[in-house]
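J.: Predicted structure and sequence below. I'll ask about it afterward.
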Amino acid sequence: MDARRIQRVASLLRDELAELVLHEVKDPRIDTLLSITDVEVARDASFAKVFVSYYGDAAKREEIIAALNHAAGFLQKEIAKRVKLRSTPRLAFYHDVSIERGFRVTEVLKKIKHEP
């Protein structure tokens, strides 16, 4: 698959997964304060890494990631119903650290700015 098509598939998966997690997944461990920040699709579209951001304590974050990985089969089946692809990628969920890293960089820059 070419790079543009992979990007379109990743974007479509991100949007559909956000909708599914918000409205279809009934696992009480999954908090609605999470965001699906990115999806990386393999070149052959057989696998997708789904990055999730949750601003909260680490234990709850790990619980949410575990619940999402537990629901991956259900989510993959629902994606297959909604999106016309030759094959639906297997899904794996990971914590996205980029937002937290951005907050830390911003705090460091603020401290540097205010130092004499």
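T.: Nice, I can see it. Numbers count the residues shown, from 1 in each chain.

J.: Please count neighbours and contacts with C-alpha atoms only from this point.
T.: OK.

J.: List the buried residues of the lowest-mean-pLDDT helix or strand in the chain.
T.: Every helix and strand in the chain was compared by mean pLDDT, DSSP states H and E; the lowest is helix 98-114, with a mean of 78. When burial is assessed from 16 or more other CA atoms under 10 Å, helix 98-114 yields no buried residues.

J.: same deal with stretch 63-75?
T.: By neighbour count on 16+ other CA under 10 Å, the buried set for stretch 63-75 is 64-69, 71-72, 75.

J.: closest to T32 among these?
T.: Closest to T32 out of the buried residues of stretch 63-75 is I64 (10.1 Å), distances taken as CA to CA.

J.: tell me which element that closest one is part of?
T.: In this structure, I64 sits in helix 58-70 according to DSSP states H and E.

J.: Just the helices from this protein, written as ranges.
T.: In the chain, helices defined by DSSP state H lie at 3-23, 58-70, 72-82, 98-114, listed in chain order.

J.: how about those helices, which one is nearest T32?
T.: When the helices of the chain are compared by CA to CA, helix 3-23 sits nearest T32, at 6.5 Å.

J.: quick one: low-confidence parts of this protein?
T.: 116 (pLDDT under 70).

J.: Go ahead and produce CSV holding the CA coordinates of stretch 103-110.
T.: Extracted in CSV, the C-alpha atoms of stretch 103-110 (Å, rounded to 0.1, in the frame of the first residue of the first chain):
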residue,chain,number,x,y,z
PHE,A,103,3.8,19.3,29.2
ARG,A,104,7.3,18.6,30.7
VAL,A,105,9.0,20.5,28.0
THR,A,106,6.7,23.5,28.5
GLU,A,107,7.3,23.5,32.2
VAL,A,108,11.1,23.4,31.7
LEU,A,109,10.9,26.3,29.2
LYS,A,110,8.8,28.3,31.7
